[in-house]
Each structure stands twice: as structure tokens, then as C-alpha cells.
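Novice: what would the 3D arrangement of this be:
(2 chains)
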Amino acid sequence: MATSFHHVPFRRLLIAGTISSLAAIISGGLVSATDSGAACATWPLCAEALSAPLSAPVWLAVAHRALVLLSLALVLAGAVAAWQRRDADPWLRLPLLVAPALIVLLSALGGVMVQLQLYRLADVWHLGLALLVLACQVVPLAALLQPAAPAEVRVGARAARDSRQLRGMAWWAVGGVGVMVLAMSARALPALGVQAASGLPVDASGALAISGLLSGGTLWQIRRSRRGDLLLLGAAALVCVLIAVEGTTLLLPATQAGLSLGVGALLWGAAVALAVLVVRRPLPADLPARARPAPVAERAPSLLSDYISLTKPKVISLLLVTTLAAMFITEAGTPSLALIFWTMVGGYLAAGGAGAINCAVDEDIDINMGRTSRRPVPSGRISARNAMIFGLALSALSVVVMLAFTTPLAALFSTLGIVYYALFYTRWLKRSTWQNIVIGGGAGSLPPLVGWTAVTGSLSLAAVLLFVIVFYWTPPHFWALALVKQKDYARAGVPMLPVVAGEPETRWQIFVYSAMMVALSLLLTPLGAMGAIYLALAALLGAIFMRSAWDVWRRGDQAAIWGLYKYSLLYLALLFAAMVADRLLLG
Amino acid sequence: MLSWTLVVIAAIVIAVGQALLFRSAWRFRKTLADLPPGIPRSDPRGDIAWTLVTALGTVVFLVFVVQSLL
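Specialist: Numbering: from 1, shown residues only, chains lettered A, B, ... in the order given. Okay, the predicted model is just below:
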């Protein structure tokens, strides 16, 4: 039974385990900051401790090992207690059962560090395991102090949704804080190459900003949905204050970054405890009763899928293909996996943020168009205000991610893309001129520049040509869609070319833009950026494109128009794939 | 030789294409007066300016391409 854990000795055991884990991490930070690890060349015992006189580094190393040993004993005692209570609350039992394996791994890694003298490189992973051990003590302690809310309590749909959001935010904040503590510690690593090998962000300030945003978001969400819960508010405020204090340790020299571990470990423990409390604290009692579930046939998409759809994932996927391909074809060679990952994350956040802002601003247009009327904002499932806040938050996060993990120029282009699409195109161009698609195409042309500059940190003529190709690709692609949906656009009052100038003019301009795009796409070879493989494939893909555009111009039926629209999607993806193939095969 | 051939072809296609687009934008100054109800009428001078900006941007880019080959 869960109550079997509520004995005073068990609670004391957990408190002692938490304190000893904290002390072990702090002492480890001191060992790292003072470079004392090498003072004890043997493991697990320290032979140097028996020789006189004892130096301060030896004392530190011995004290750290003693504290780890004490933690191990307490963790094992907790695990035995958990093992004996098979029907106990999983929040108490599972972390305690996992902890011994982690601490054994941690000790073994410590041994490897000493034996192979990999003090620096293994340091980050050593710390990562230590943080997990601490979490395995904090989670049951917090769960013990805060019994789970009764499952039979029924709350309104909105309160349940807010609660889900808060839980998600709190656990994301835990992840952000964990990465930040590791990144702050990794500052001590001697060289950028070694820092990169740790797999952590080189720029600790970026990780600090991300965890600050996530924890600030958690505090904001608690204030919004759990206003009367002073314990949660206090805990979330404490996490934010500790992040601010941790930020001040950036002023320390990089070699003494281990000194920030005291605050970092406290912060980590507080963030984990907050997440557990968020999950287990009961919801306010004065909320309306849960609404009757809608019949399956009428059930609306989940809130999560609505928010994801605000980011327009289908559109983004093609943008990210151009970003990814551009990263592979620079003169700098194949990028690292970490750089690819963060550029994709930043790119998705930027494009998704801009898309969400577009959904918020275009509510009046979307509601009048069959294609868009079922989007979350026009259908009333998400308010325009919330969509705007979501879009702005994603955009801000994208700037932080791009700045922290890529290059300033990539961050600049990514931000420019958000402003171009969300403000320049959505707010103004789209509603004011039939040239909206032509000039607005600049926003969708920026992702290749983001990918290119994320790798190289600078622009080149070949990168600009990628921009130009996508720029000229945009009118044939979107005007094909506008030809099919022109009644929708007319009803919504959007001055698209087919609405303003008619079908024949649009079909003819599609052909003209297609010809210019295909001609420009061949220039990557004269520029020396691509070889014969690309030239042949680009010519072949371009010829098919021209054939489709010709059909649209001369025949103009729905089959030809849909054919061009679909092929244009495939064309762009294949063209950029051809670039990557050329670069990988011909070098 | 192949490089120059491709650049010349691209330059010709761009020159002809942009000239045709400019002619359209110029023609639209008057013909687009009667629009369906609810559709905003754009400033004709602005439309022509956008067409010119696109054309000039592309020409400048082509100049850089040619310069890189010299």
C-alpha cells in the first residue's frame, strides 16, 4: 500500500539520500573546478590519501568519493525498501528501483575517468548520471510529500486541457534545466572540439535562455490556471530565481564552471520537484464539471493536434527539405548531426511560429475559404489571441535556438523569414496587390539560406541562387492552387492573380515564370557549385516542369492545373535532392 | 563553353520573360479597373514597381554570375 511508505524513517531516508546526492554533485563540481580529479590516481580507493602530507586536491577527491559512497548506501537502502513494497505508488517505487543501476554506472564511469585519465571528456556524462540519481531521490520525496489527487475528481474540459498543458510545460522545463546545467558545466572543457564531442550546446547562454523561457512559461501557466495554489506558484518562482542566479555564474571564468554546480544541482532538484507537484497537486475545486463527451462522429481534433496544425507542418516539411539540402552542398563539407538537428528544430520553430501568426491574422480570410475554414482559429477551437501568443512564443524560441546552436547569420535569415511572412506578406502584401505571391515568395525562399549559413556562417553566389530558384518556383506553384481555388479567394477578398486578371493571364504567367525558373536552376553548374549529375537531373526535371506548365497554358483544364501543382511540389524536393546527390557522389 | 552557353540561355530567357511580365503589369494599369466586389484594387504604380524590383534584382544577380565566370 502507498501508506506503507509514509513512515518517518523512510521519509528521513529519502531526505538523507537527496542531501547526499546534492553534496556529491557539489563536491564533484569542486573537484572539476580545481582540477583535483588527477590527485587520486587509483580507484576506487585513493592511495595518495594514506601518504603524508595530504594536499587540498587529495582531500577534495577523497571527500567526493566518500560522498558518492554514502549516496550509494542510501540509494541501495531506498531500493530495498521499494522492492519490499510491490503494490506501492509507482512514483515512489520506480525511481528508487532505477537509482542503484544509475549510481553503479556513475561510479564505473568515475573509475574510467581515473584509470584512463579522461577527466574532461567524461565529466559531462558523469554529471548527467549524477543528476539522474538526484532526480531518482527527489521524485519519490516530492511524491511522498504530495499524495496523488484522487482519480475520481471530475473537472471541466478547459481545466483538464490547461492541466495537460501545464504538465507538458513543466516536464519540458525539467529537460531544459538539465541541458542547461550540463552545458554550464561543459564550459570548463578545454577546447571547442571537446565541447562539441560532449554533444551539448557550446553556447551555455543559449541553453540558459531556453530553460528560462520554459520555466517562465511554466510559471505563467501556473499563474493562469492554478492561481490560488501558492505552493506551485512559490516552487515555480523559486526555479526562475535559481535560473537567474545560475545565469550570473556565466561571469565566472570557464575553467571554474564547476563552481556553478551547487546552484545548478539545487535548480535541477527544484525543477524536478515542481514537475512532480504539478502532476500530483489537485486541481482547484471550484471548476465546472466535465462536459459530456461529444459523440465520436462529431469529436473535434485534440488540442495538441490543433496547435500542431497551426504550424502548418505539411508546408514546413518542404521548406525543411530545402534547408537540409542546402546544408549538404556547401563548400564546408558534411555538417555534424548536432548542427543538422538544431537547424531543423530552429527552422521548424521559425516557420511554425510564422504559420501560427498567419493563422491568427488571417482568421477573416480563412473563414471564407473552404480549404481553410476548418482550421483551428476560424472554427473557433483556438482563439486568434492564443494562436498569436503561440506563434510569437515559437518565433522567440526559434531565435534563441538558432542563435545558440547555429550561426548569427542563420539566425538573422530565420528571423527575417518570420518577419517577412508574418508581417510583410500576411499583414500587407496578401491583401493589397496581385503581386502578393511573387514578392511574398521571398519568405519561402529563405530556408535554403538558413541551411547554407548555418554551416558556413557566410553567403555565396550559389546560396543566393538557391534563394532565386525557390523565388521563381513560387508563382507557378501557388498560382496553380489559386486557379483551382479562385472562387474561395474571390469570396475572401484576396486579390490573387486569377481573381484580378483572370485565368488566361494567370496560365500564361505561370508558363513565363516556369521558363525563368528552369533556366536559372541550370546556373548552379556554371557557378561551380554543382557538377554533371545535377545538371542532367535539373534539365530532366525542368523539361517535365515545362511540359506541365505548357499544358496549363494551352489546355488550362483542372487536370493540367492539378498536375502542375502536384508536380511542382515533387520538383522542388527532387531538385534539391539532386544537388545533394551530386555533392555526395562527385564531391 | 558549356558554362557560358547556360548563362547566355538563362540571360535571354530572363530578359524576354521579364519584358513580357513588365508589359503585362503596364497593361494592367487600366484593364484592372473593374474588379469583382470586395476585391481591393492595388496601386498600379506599386505593381509596376514590384515588377521592376524583381527584374532588376534578377539582372543584378546575373551580372554577379557573369563576373564570377570572367
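
Novice: could you look up the SS state of the residue of chain B positioned farthest from its centre?
Specialist: The C-alpha centroid of chain B is most remote from B:P37, which lies 28.8 Å away (CA atoms, centre = their mean). With DSSP: H, G, I helix; E, B strand; the rest coil as the basis, B:P37 sits in coil.

Novice: and it, what does it touch?
Specialist: By CB atoms under 8 Å, 6 or more residues apart in numbering or on different chains, the contact list for B:P37 is empty. (Glycine included, C-beta is placed from N, CA and C.)

Novice: try it again with 10 Å
Specialist: For B:P37, the contacting residues are A:A490, A:G493, by CB atoms under 10 Å, 6 or more residues apart in numbering or on different chains.

Novice: quick one, phi/psi of it?
Specialist: In terms of degrees, to the nearest 10, the main-chain angles of B:P37 are phi -60, psi 140.

Novice: same question for A:D557.
Specialist: The phi/psi pair for A:D557 (degrees, to the nearest 10) is phi -80, psi 170.

Novice: you'd agree it is up against A:D551?
Specialist: Yes: using CB atoms under 10 Å, A:D557 makes contact with A:D551 at a distance of 8.4 Å.

Novice: what do these two both touch?
Specialist: Common neighbours of A:D557 and A:D551, using CB under 10 Å, 6+ apart, are A:G563.

Novice: give the burial count for A:A422, as a bare number.
Specialist: Per other CB atoms under 10 Å in any protein chain shown, the neighbour tally for A:A422 reads 23.

Novice: name the nearest residue to it, ignoring sequence neighbours.
Specialist: Counting by CB to CB, 6 or more residues apart in numbering or on different chains, A:A422 lies nearest to A:I357, which is 4.0 Å off, once chain neighbours are set aside.

Novice: what is the helix or strand that contains the one you found packed up against?
Specialist: Element membership for A:I357, per DSSP states H and E: helix A:337-361. Helix A:337-361 sits against helix A:303-310, helix A:313-328, helix A:363-366, helix A:384-405, helix A:408-419, helix A:430-432, helix A:436-456, with contacts defined as 3 or more CB pairs under 10 Å, 6 or more residues apart in numbering or on different chains; DSSP states H and E.

Novice: please identify the most buried of those.
Specialist: Mean neighbour counts were compared across those using mean count of other CB atoms under 10 Å in any protein chain shown; the top stretch is helix A:436-456, at a mean of 25.

Novice: do it and chain B come into contact?
Specialist: Yes: Helix A:436-456 is in contact with chain B by CB under 10 Å from any CB of the partner chain, via A:N436, A:V438, A:I439, A:G441, A:G442.

Novice: and those residues as JSON lines, adding pLDDT?
Specialist: Formatted as JSON lines, those follow (pLDDT from 0 to 100):
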{"residue": "A:N436", "pLDDT": "92"}
{"residue": "A:V438", "pLDDT": "93"}
{"residue": "A:I439", "pLDDT": "93"}
{"residue": "A:G441", "pLDDT": "92"}
{"residue": "A:G442", "pLDDT": "93"}
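
Novice: angle of the longest helix along chain B against helix A:436-456?
Specialist: Criterion DSSP state H: the longest helix present in chain B is helix B:2-31. If you take axes from the mean of the first three to the mean of the last three CA atoms, to 10 degrees, helix B:2-31 sits at 150 degrees to helix A:436-456.

Novice: show the average pLDDT along helix B:2-31.
Specialist: Averaged over helix B:2-31, pLDDT sits at 91.

Novice: if you look at that helix, does any of it touch chain A?
Specialist: Yes: using CB under 10 Å from any CB, helix B:2-31 reaches chain A at B:2-7, B:9-21, B:24-25, B:27-28, B:31.

Novice: ok, and the closest non-adjacent residue to A:A411?
Specialist: Nearest to A:A411 is A:M402, by CB to CB, 6+ apart, at 3.7 Å.

Novice: thought that neighbour was touching A:M344?
Specialist: No: if you go by CB under 10 Å, A:M402 and A:M344 don't touch, sitting 11.1 Å apart.

Novice: what is in contact with those two at once?
Specialist: Residues touching both A:M402 and A:M344 (CB under 10 Å, 6+ apart) are A:A454.

Novice: same list (the residues of helix A:436-456 next to chain B) but as a markdown table, adding distance to A:Q486.
Specialist: As requested, those are exported to a markdown table (distance: CB to CB, whole Å):
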| residue | distance to A:Q486 |
| --- | --- |
| A:N436 | 14 |
| A:V438 | 17 |
| A:I439 | 20 |
| A:G441 | 19 |
| A:G442 | 23 |
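
Novice: just flag the most distant two among these.
Specialist: Taking CB to CB, the two most distant members of these are A:N436 and A:G442; they sit 11.3 Å apart.

Novice: A:A354 and A:L22: what is the separation?
Specialist: 43 Å (CB to CB, to the nearest Å).

Novice: about what we covered before: is it true that the residue nearest to A:A422 touches A:N386?
Specialist: No: using CB under 10 Å, A:I357 is not in contact with A:N386, being 11.9 Å away.

Novice: sorry, back to before: name the residues of the longest helix of chain B that are buried.
Specialist: Within helix B:2-31, the residues that count as buried by 16 or more other CB atoms under 10 Å in any protein chain shown are B:L6, B:V7, B:A10, B:A11, B:V13, B:I14, B:G17, B:Q18, B:L21, B:S24, B:A25, B:F28.

Novice: could you do stretch A:331-338 as well?
Specialist: A:P335.

Novice: how distant is it from the center of its chain?
Specialist: Centroid displacement of stretch A:331-338 relative to its chain, using CA atoms, centre = their mean, to the nearest Å, is 20 Å.

Novice: now tell me what touches that stretch from outside.
Specialist: By CB under 10 Å, 6+ apart, the surrounding residues in contact with stretch A:331-338 are A:196, A:199-202, A:324, A:327-328, A:340-343, A:405-406, A:451-452, A:454-458, A:460, A:462, A:528-529, A:583-584, A:587.

Novice: end to end, how far does it reach?
Specialist: Using CA to CA, to the nearest Å, one end of stretch A:331-338 lies 19 Å from the other.

Novice: and stretch B:27-35, by the same measure?
Specialist: Stretch B:27-35 end-to-end distance (CA to CA) = 15 Å.

Novice: give me the pLDDT for the nearest residue in space to A:P282 that is not next to it in sequence.
Specialist: Excluding the flanking residues, the one nearest A:P282 by CB to CB, 6+ apart is A:A149, at 3.8 Å. On the pLDDT scale, A:A149 is placed at 72.
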